[in-house]
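>>> Provided below are the primary sequence and the corresponding predicted coordinates.
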Amino acid sequence: MALHTTNYLATFSEVAEDCPAAHAVEPPITENPTIAALHYRLISERPFARTSDDVIFETHALRHGIPVDDAAAREEFFSKGQACLRSSPLGKRYGWGIVHDTEGRVALVPRESEEYAALAADPTLAHTRAMRSKRL
């Protein structure tokens, strides 16, 4: 069975062009955590510890009561293409850039930070943007 991946390597994903947040904000904490809140928690609690695939699957597992270490469930999940972190509300709505290191592990970067500006100008990284919320 062919497995799909959402991982990028040595890539900086800037916030969406239509992101309404002038500076990065933490997604609100609710009784039932949103995808944005789960993505934020999983990435921010351990920067550069998880890949995009890890974050996407763990979010799915937590929302559906699946053990995060269930290898069979993970294989089934990635047997179909999945949306990558470019579609995450973090870059679309909350003002967070996402940097992927050379091994695909991710960390958050607030859009107003000097680090964000440096990464956005770094020619050694591939560059992409979070997906727009609205069609042109």
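Cool, the structure landed.

>>> Against residue 72, how distant is residue 35?
In this view, residue 35 and residue 72 are 23 Å apart by Cβ to Cβ, to the nearest Å. (C-beta placed from N, C-alpha, C; glycine too.)

>>> Compare those two and say which one has the larger neighbour count.
residue 35 (17 against 8; other Cβ atoms under 10 Å).

>>> my guess is the more buried one meets residue 88, correct?
Yes. The pair residue 35 / residue 88 is scored as a contact, 7.2 Å apart, by Cβ atoms under 8 Å.

>>> pLDDT below threshold where in this protein?
Regions of the chain meeting the criterion pLDDT under 70 cover residues 1, 135-136.

>>> Which residue, other than its chain neighbours, is closest to the residue nearest to the spatial centre of it?
Note on the chain: the residue nearest the mean C-alpha position is residue 85, at 3.5 Å, using Cα atoms, centre = their mean. Distances taken as Cβ to Cβ, 6 or more residues apart in numbering put residue 52 closest to residue 85, at 4.9 Å, once the chain neighbours are dropped.
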